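>>> Sequence first, then the predicted structure, then my questions.
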Amino acid sequence: MSENGSLVSKIKNLKYSHKYTPPLLITGIVLAAHLSFGILTGYRKLLLAIVASIITEAALHRWILGKWRSISSAYISGVSVGILIRSPMFWPYALCSMISIASKYVLRYKGRHLWNPSNFGVVAMLLLAPGSVAVLSIQWGNNMWAMLVIWIIGSISIYRLKRFHICATYVLSFLFFGLIRAYITGDPYLAEISPITGPMYQLFTFFMITDPKTTVKSKWGRCLVVFVVAFVEMILRLHEAVYAPFYALFIVGPIAMAIEIWWQDRHDKNEISTTSKSSAVNLST
Amino acid sequence: MAAKNNKISLIVIFAVLLVTPYVVSHYDTIKKVWSSENSGHQDALNRYGFYLKDVTSDWGVNFTHHAPKLDSKLDHIMPEVASVGASVSVSDFNNDGWQDFYLTNSEHGKPNALYENLGNGHFKNVASQMGVADVNTKATGVSMSSVWGDYDNDGYEDLFIAKWGKPMLFHNDKGKGFTKVDLGSEFPDWVNSNTAVWFDYDNDGLLDLFMGGYFDENIDLWHLKSTLMMPESFEYAKNGGRTYLFHNLGNGKFKEVSKKMGVVSNRWTYAATAADVDHSGYPDLILANDYGVDQLFLNQKGKEFYNAAQKVGIGFVPKSGMNASLGDVMNRGRLAIYITNISEPGVLIQGNSLWVPTVPSEKLQYKNLAENLGIELGGWSYGAQFGDLNLDGNQDLYVANGFYSGKKGTDYWYDFSKVAGGNKKIIADAKNWPAMKGRSLSGYQQNKIWINDGAGKFQEVADAVGGKLKLDSRAVALADLNNDGTLEILVASQGAPFKIYKNTVAASHNWIGFKLKGTKSNSSAIGAEVEIYWNSNRQVQVVNSASGFSAENQRPLYFGLGETGSVQKAIIHWPSGHTQTIKNPDINTLHTITESVPS
């Protein structure tokens, strides 16, 4: 009885944390898209990507930091890889996940990782194994409603996480730069903005550019960074890079992070130095 | 110190992780660089058991395909829309024992060709005198493919032409000429079809006809009312042309029964073939669909069909189906289905599919083993055929590749992928597609010749055996054109010259062939299966009409035997249900077998 009571009280005490929103959101989107349209090439590849991601995270975190950590982040990276990578083979899914997670532990500057893990993994696979790997480039079925539902649910969820401004800035920047691209290339504007109607962009917008660990801290800073991402993407698109958004984030993301870390570090040092000086002055007076 | 060691170890592991995809992905290239490959004929014979030689002009064949020129509203993406129409179908139309072939053209005013095999190493284009040349007109549209079948059982193969226009059937007048058949009101006045299949779905001894649709049949591609004619999705499109199934009534007339028989689809069908894949005694239909999932219509004793593709494991993942061909690649007496798709490095990797039936076969189920066998990545693949090119007893595979070879060093993929990934409101309207401006789209891709080692792997040998070809190929057919027991390769390419590759096989390799003639079954013996047993091996082949993409192989079935000197038995399963067994048939012989039905 007491055990049951304790269980019931534990369940009652369970509180929903916003940190569960991204993994739940991405899981919901994947399941809905797969059950409706068969977006995945099979569950096995997705599972492989998730398992490889989680195992790599657990092993490296334990090895490097001597403790276990939550699997939420590794899960999102695994799911992102499982959806974004398109290959008829199995090995790219495992390797991409492993590279994504390992990049967090290797490519660090002043104790913080610079690249969004799955962004790094996907770009690495595109550059190193283009003959075996592509990125998801089809739409969710052929129904406008499916697309709108995902945009609406995604936007609400991201809004609750207080990161909607990032997505909104990026989408508006993309639409704006689409106008410039259409003007330069002479191609229809609809053709230029067509990619954003696909799931690749939905995942990119909701999960990659909003990653708390690899975005700068200030709200306006984040907006500026994604604006620059969209600008670099435009340049890359004008040079006909098919997966321009991933490359743009790959280039801009770590530079922005590095600048912020450097700036923060300098600011902290100045503060310490100022504090020391004022302490010294106080002492002398 | 320990932390520093950990850091170094971590960096090493990371470097290994980064190097691994590069090595795995480039394994074949690395292997080729390291292996010292000699491309001489003798070396090819020693290594692979055969070599090829382009004999097209030597044998008197000179034919270049012309692509359609459609409505000027499509000028900006013309190569993308007018991308098909080169086809080849083999038949001994005059029953002289030598295989002839028919080639299609796809521009108004450009004639098709019927090359008669003169039997002396030369061919003659007799299309005009036979009355099957001038079929590409403004009034009746242009040819996309052709398929032979003796629909009236008079012993001569008749010719059906699938068109972007009015479909045509020509009756073969005893090999002396062809007469256009009035198809009557059951046939549509206009379709945009790329594939047709003769098969006897109800086993009544009369060949019926399936015809697939690509663009919607209400669209006249030369006079567009609207530019809303592209697929509504790159992988989920259902706005293509409809399917037709014509039941042969036996009096030279046909009745359209697709709805009644449950063969209903609007899925942009590019290729179709038929065989009894579930051993029900009735032939089933396999459809390779562009912009979506493929379909397998299982025949319910000739009464109706149902699409079992998803149930059997085939029809769930949408790709760009271009080809449907059948081959017993593992010598298990079961036919695998090969569907080609699109693979472009770094852009789109769909991979070709080899659907292998699971064994034992209580319940029909397929597994895609293309990757395991090494025949997954072709390119932008179109037609494919199985055949034992080196007569070693294993079915090899030829795959045609390449979409559009425009200006060298250019690429339309970026613009293509931009729109292909978009919503249907955008993708379906041709005016939203950026102009191609002569740019290539998966152009200059080489066709693949994969030889089967019999141990579960295929090896690509096109360069080594002299079969290198990069012409945006579409259709491929296999036929013994010089009656020496080996299969020549016939390749039709889009807007490019037709090619014949003569095959020379190591003298120690034996073969056996079967030319079937139905009596109770249809005269063409389409649907008949021959199963041979030799030296602990077993292989099955089926007599098809359409096979691959816009192609038809020769009617006789050829089996390679390697160095084996005898065959224990050959079992023939006729469409009528009758079975004939031939014990110890002679090898290196083409056996002509007439269906003997017990009285």
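Nice, I can see it. Residues are numbered from 1 along each chain as shown, chains lettered A, B, ... in the order given.
>>> What is the least confident helix or strand in the chain?
All of this refers to chain A. One helix or strand of chain A scores below all others by mean pLDDT, DSSP states H and E: helix A:2-13, with a mean of 64.
>>> Please refer instead to chain B.
Per mean pLDDT, DSSP H and E, helix B:27-34 ranks last in chain B, at a mean of 72.
>>> Following element in sequence after that one, please.
Sequence-wise, the next helix or strand downstream of helix B:27-34 (DSSP states H and E) is helix B:41-48.
>>> Please identify the buried residues of that following helix?
Neighbour counts using 16 or more other Cβ atoms under 10 Å in any protein chain shown place B:44-45, B:47-48 of helix B:41-48 among the buried residues. Where you see a C-beta, it was placed from the backbone N, CA and C, and this is true even at glycine.
>>> As PDB, could you dump the C-alpha coordinates of it?
The C-alpha coordinates for helix B:41-48 follow below in PDB (Å, rounded to 0.1, in the frame of the first residue of the first chain):
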ATOM      1  CA  HIS B  41      40.500  -8.700 -75.000                       C
ATOM      2  CA  GLN B  42      42.500 -11.700 -73.900                       C
ATOM      3  CA  ASP B  43      42.900 -10.300 -70.500                       C
ATOM      4  CA  ALA B  44      39.100  -9.700 -70.300                       C
ATOM      5  CA  LEU B  45      38.500 -13.300 -71.400                       C
ATOM      6  CA  ASN B  46      40.900 -14.600 -68.800                       C
ATOM      7  CA  ARG B  47      39.500 -12.400 -66.000                       C
ATOM      8  CA  TYR B  48      35.800 -12.200 -66.700                       C
END
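>>> Which secondary structure elements does the helix or strand residue B:4 falls within sit against?
Using DSSP H and E, residue B:4 sits in helix B:2-25. Counting contacts by 3 or more Cβ pairs under 8 Å, 6 or more residues apart in numbering or on different chains; DSSP states H and E, helix B:2-25 packs against helix A:43-65, helix A:91-106, helix A:117-128.
>>> can you list the ones you listed in JSON lines and add mean neighbour count, distance to residue B:550 and mean pLDDT?
JSON lines is the format used below for the helices and strands packed on helix B:2-25 (neighbours: other Cβ atoms under 10 Å in any protein chain shown; distance: least, Cβ to Cβ, whole Å; pLDDT from 0 to 100):
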{"stretch": "helix A:43-65", "mean neighbour count": "19", "distance to residue B:550": "33", "mean pLDDT": "93"}
{"stretch": "helix A:91-106", "mean neighbour count": "25", "distance to residue B:550": "33", "mean pLDDT": "95"}
{"stretch": "helix A:117-128", "mean neighbour count": "26", "distance to residue B:550": "34", "mean pLDDT": "94"}
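>>> got CSV for those, with distance to residue B:457 too?
Shown next, in CSV, are the helices and strands packed on helix B:2-25 (distance: least, Cβ to Cβ, whole Å):
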stretch, distance to residue B:457
helix A:43-65, 22
helix A:91-106, 17
helix A:117-128, 25
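>>> Reformat those helices into CSV and put distance to chain B next to each item.
Below are the helices and strands packed on helix B:2-25 laid out as CSV (distance: least, Cβ to the nearest Cβ, whole Å):
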stretch, distance to chain B
helix A:43-65, 6
helix A:91-106, 4
helix A:117-128, 4
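>>> Get me the contact residues on the stretch 151-285 of chain A for chain B.
A:185-188, A:190-192, A:194-195, A:197-198, A:200, A:237, A:240-243 (Cβ under 8 Å from any Cβ of the partner chain).
>>> which among the residues you listed end up buried?
A:185, A:187-188, A:190-192, A:194-195, A:197-198, A:200, A:237, A:240-243.
>>> Out of these, give me the two with the largest separation.
A:188 and A:243 (21.3 Å; Cβ to Cβ).
>>> So, low pLDDT: which residues of the stretch 51-200 of chain A?
A:137-144 (pLDDT under 70).
>>> Then chain B?
B:1, B:32-39, B:360-361, B:599.
>>> Now with 80, please.
Along chain B, segments meeting pLDDT under 80 span B:1-4, B:28-39, B:316, B:359-362, B:421, B:597-599.
>>> Helices along that one, start to end?
In chain B, the helices defined using DSSP state H lie at B:2-25, B:27-34, B:41-48, B:78-81, B:127-130, B:258-261, B:370-373, B:413-420, B:424-427, B:462-465.
>>> cool, chain A as well?
A:2-13, A:21-37, A:43-65, A:72-84, A:91-106, A:117-128, A:144-160, A:164-185, A:189-193, A:199-203, A:219-238, A:244-284.
>>> Tabulate these in JSON lines, adding columns for distance to residue B:342.
Below are those laid out as JSON lines (distance: least, Cβ to Cβ, whole Å):
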{"stretch": "helix A:2-13", "distance to residue B:342": "51"}
{"stretch": "helix A:21-37", "distance to residue B:342": "18"}
{"stretch": "helix A:43-65", "distance to residue B:342": "19"}
{"stretch": "helix A:72-84", "distance to residue B:342": "19"}
{"stretch": "helix A:91-106", "distance to residue B:342": "18"}
{"stretch": "helix A:117-128", "distance to residue B:342": "17"}
{"stretch": "helix A:144-160", "distance to residue B:342": "23"}
{"stretch": "helix A:164-185", "distance to residue B:342": "24"}
{"stretch": "helix A:189-193", "distance to residue B:342": "20"}
{"stretch": "helix A:199-203", "distance to residue B:342": "17"}
{"stretch": "helix A:219-238", "distance to residue B:342": "22"}
{"stretch": "helix A:244-284", "distance to residue B:342": "21"}
